[in-house]
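Student: need a structure here:
(one chain, ligands or ions: 2)
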Amino acid sequence: MTISPELQTHQSFWLASTLPSSYPALSQDIAVDVAIVGGGIAGITTAILLKQAGKQVAVLEADRVAAGVSGHTTAKVTSQHQLKYAHLIKDLGVDKARLYGDANQAAVEQVATLVQKYSIDCDFERQAAYVFAETSDTLASVHQEVEAAQSLGLPASFAPTLPLPFATRGAAKFSHQAQFHPRKYLLALAAQVDGDGSYLFEQTRVSTVDGEHPSQVKTQTGFTVTAQDVVVTTNLPILDQGLFFAKAYPRRSYLIGCPIDPAQAPSGMFIGTGEGYRSIRTTPTDDGGRLLLIGGEGHKVGDVSDTEARFDRLAIYARDRFGVVPAYHWSSQDMMSFDQVPYVGRLTPAHQHTYVATGFSLWGMSNGTASAMVLRDLILDQPNPWAELYEATRATPFVTQDSLKKNLEVGAHWVGDRLKGLFDSPDSVEPGEGKVVNAGVDKVAVYRDPAGTAHSVSAVCPHLGCIVAWNAAETSWDCPCHGSRFDTEGNILQGPAVQGLERND
Ligand SMILES: Cc1cc2nc3c(=O)[nH]c(=O)nc-3n(C[C@H](O)[C@H](O)[C@H](O)COP(=O)(O)OP(=O)(O)OC[C@H]3O[C@@H](n4cnc5c(N)ncnc54)[C@H](O)[C@@H]3O)c2cc1C
Ligand code: FES
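Tutor: Ligands and ions are numbered 1, 2, ... in the order given. Predicted coordinates:
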């Protein structure tokens, strides 16, 4: 099986179907009420909600707004988070599970309100969200999920049949959920943020935040934003003090987009259960057609180098289940919280005016929006029903089986990956290949391009010193510890690192 990559766009459909944004870089020192670091869904939504409340805000984005994880998502906007609520009730209790459901339902409605208020043309559609079973084992879990969700007051019911062209055993159906084009939505919100004493800066990477109330937000070009409050929404916070890199781990996930006859396009948003699950939805295209999105094949960042095979498996599924072939393929990663709930609020107990939001666990369209509502209320010093549930400084499960395993794996990467490539030299890297090799005592990440030229950078991640791993599909160096990513010249593609890999000439 081949997915004929030459016939496909290796880019997120959301980026391919919108124009790039072009906000200026910060070019002088400024002062605002609130500085927001990172222009994804969490940052942009926080900015607009605070501006609505009368604050002057500045969004500082290292690259381009809505081009990070939020530009590479599936963009289901729903409180239906696969098999979630039965687990939450078991692990955290009924009260916290109810708050989680309420927060995410409110987030769906918050998105709908913003779409309406600013008349945003973003293909917003109300759809039911289904989590479906294909085996009798998973059917039992689906029934438990319906029961759990109903007990929390969520709009859940059991659907014995689904509008899908293959057999299922039934699904938990959440009614009146939503889907949209995330970049059309976020770019329209960004345009509302900019102006009237508020700002949006792109190509402005923040390196540190010093002091509090006021804070000095320092950028790599040397300019500073002075702000009474600072919100860090860089997916994984670039500030290490809260140890969020040890409370969550990065998970990479893959998506393909396949043109489908609109008459055959399934109505609804779907996700399977168990290993090898698929996430499915459709979206309109500007030529009046419809694109079927199929996602899945997730794994912890850095664990897999032959990432191209993941797209092949999605393409086979698309062919076998829907009779369609991909026109787009892309991948991205999100931070998974160990206790299944995002971390939103103060950076540490000692910080009163520096806030973070992370750990959306692949459900950041609703969780990122809910986070923005929590952050707005914390900054405005007004009550929020979900602030305690999401509290970033809550006691965290460092010692659950999962977190212990993942943090031990980080330790193992830190030590074990130093043995990688011990006997390989740069000459052993084939054209089109990336490999960590030894050059004297240094670990070097070498990519040889198809023309045979070697591009070599230090393999040591500048965040906390792990050794990067090759990602063949994205032609990038990915850090297995906390998910920083770099291009073959060492430039940062994704944090928490705030510096690139050192050039090794
Ligand atoms: C494949 C995939 C499918 C998904 N599907 C869904 C779905 O269907 N529904 C759902 O609810 N969620 C989904 N998610 C999850 C959701 O997309 C994410 O949780 C959400 O987009 C994260 O938003 P964010 O604002 O935290 O991060 P981002 O969108 O990545 O924004 C962070 C921004 O911070 C910037 N930044 C980083 N470092 C700095 C710095 N030093 N200075 C300044 N700026 C910086 C980055 O450039 C970036 O633009 C999916 C995720 C993936 C990977
Ligand atoms: S991202 Fe933390 S060590 Fe690389």
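Student: ok, and what's touching stretch 134-154?
Tutor: By C-beta atoms under 8 Å, 6 or more residues apart in numbering, the list of residues contacting stretch 134-154 from outside reads 79-80, 83-86, 88-89, 94, 97-98, 101-102, 105, 131-133, 156-158, 167-172, 174, 272-274. (C-beta placed from N, C-alpha, C; glycine too.)
Student: hey, where'd the helices end up in this protein?
Tutor: 13-16, 41-52, 85-92, 94-117, 136-151, 182-193, 308-322, 364-379, 387-390, 401-416 (DSSP state H).
Student: Let me have those in CSV, extended by mean pLDDT, mean neighbour count and distance to Val429.
Tutor: Shown next, in CSV, are the helices of the chain (pLDDT from 0 to 100; neighbours: other C-beta atoms under 10 Å; distance: least, C-beta to C-beta, whole Å):
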stretch, mean pLDDT, mean neighbour count, distance to Val429
helix 13-16, 98, 21, 30
helix 41-52, 98, 27, 38
helix 85-92, 96, 19, 44
helix 94-117, 98, 19, 46
helix 136-151, 96, 18, 43
helix 182-193, 98, 23, 36
helix 308-322, 95, 17, 17
helix 364-379, 98, 26, 36
helix 387-390, 98, 20, 45
helix 401-416, 65, 14, 21
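Student: of those helices, which approaches Pro262 most closely?
Tutor: helix 308-322 (13.1 Å; C-beta to C-beta).
Student: Any part of the closest one near ligand 1?
Tutor: No - if you take C-beta under 6 Å from any ligand atom as the test, helix 308-322 misses ligand 1, and the best it gets is 11.0 Å.
Student: In TSV, list the helices of the chain along with distance to Val225.
Tutor: What follows is the helices of the chain, written out as TSV (distance: least, C-beta to C-beta, whole Å):
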stretch	distance to Val225
helix 13-16	27
helix 41-52	13
helix 85-92	37
helix 94-117	25
helix 136-151	42
helix 182-193	14
helix 308-322	39
helix 364-379	16
helix 387-390	25
helix 401-416	32
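Student: count of neighbours near the residue nearest to Gly359 when sequence neighbours are not counted?
Tutor: Spatial nearest neighbour of Gly359, chain neighbours left out: Ser337 (3.2 Å); criterion: C-beta to C-beta, 6 or more residues apart in numbering. By other C-beta atoms under 10 Å, 21 other residues sit near Ser337.
Student: Tell me what Ser337 is bridged to.
Tutor: Ala248 (DSSP bridges).
Student: My guess is it contacts Leu362. True?
Tutor: No - with contact defined as C-beta atoms under 8 Å, Ser337 does not count as touching Leu362 (10.3 Å).
Student: burial measure for Ser331, as a count.
Tutor: Neighbours around Ser331, by other C-beta under 10 Å: 21.
Student: repeat for Ala451
Tutor: 7.
Student: so it touches Pro431, yeah?
Tutor: Yes - assessed by C-beta under 8 Å, Ala451 is found in contact with Pro431 at 7.4 Å.
Student: what does the domain assignment say about the chain?
Tutor: Domain assignment for the chain by automatic domain parsing gives 33-72+184-246+340-398, 76-182+252-337, 416-494.
Student: and the shortest one, how far from the chain's centre?
Tutor: In other words, domain 416-494. Centroid separation for domain 416-494 versus its chain: 23 Å, with C-alpha atoms, centre = their mean, to the nearest Å.
Student: Check whether it comes into contact with ligand 1.
Tutor: No - Domain 416-494 stays clear of ligand 1 (C-beta under 6 Å from any ligand atom), getting no nearer than 7.0 Å.
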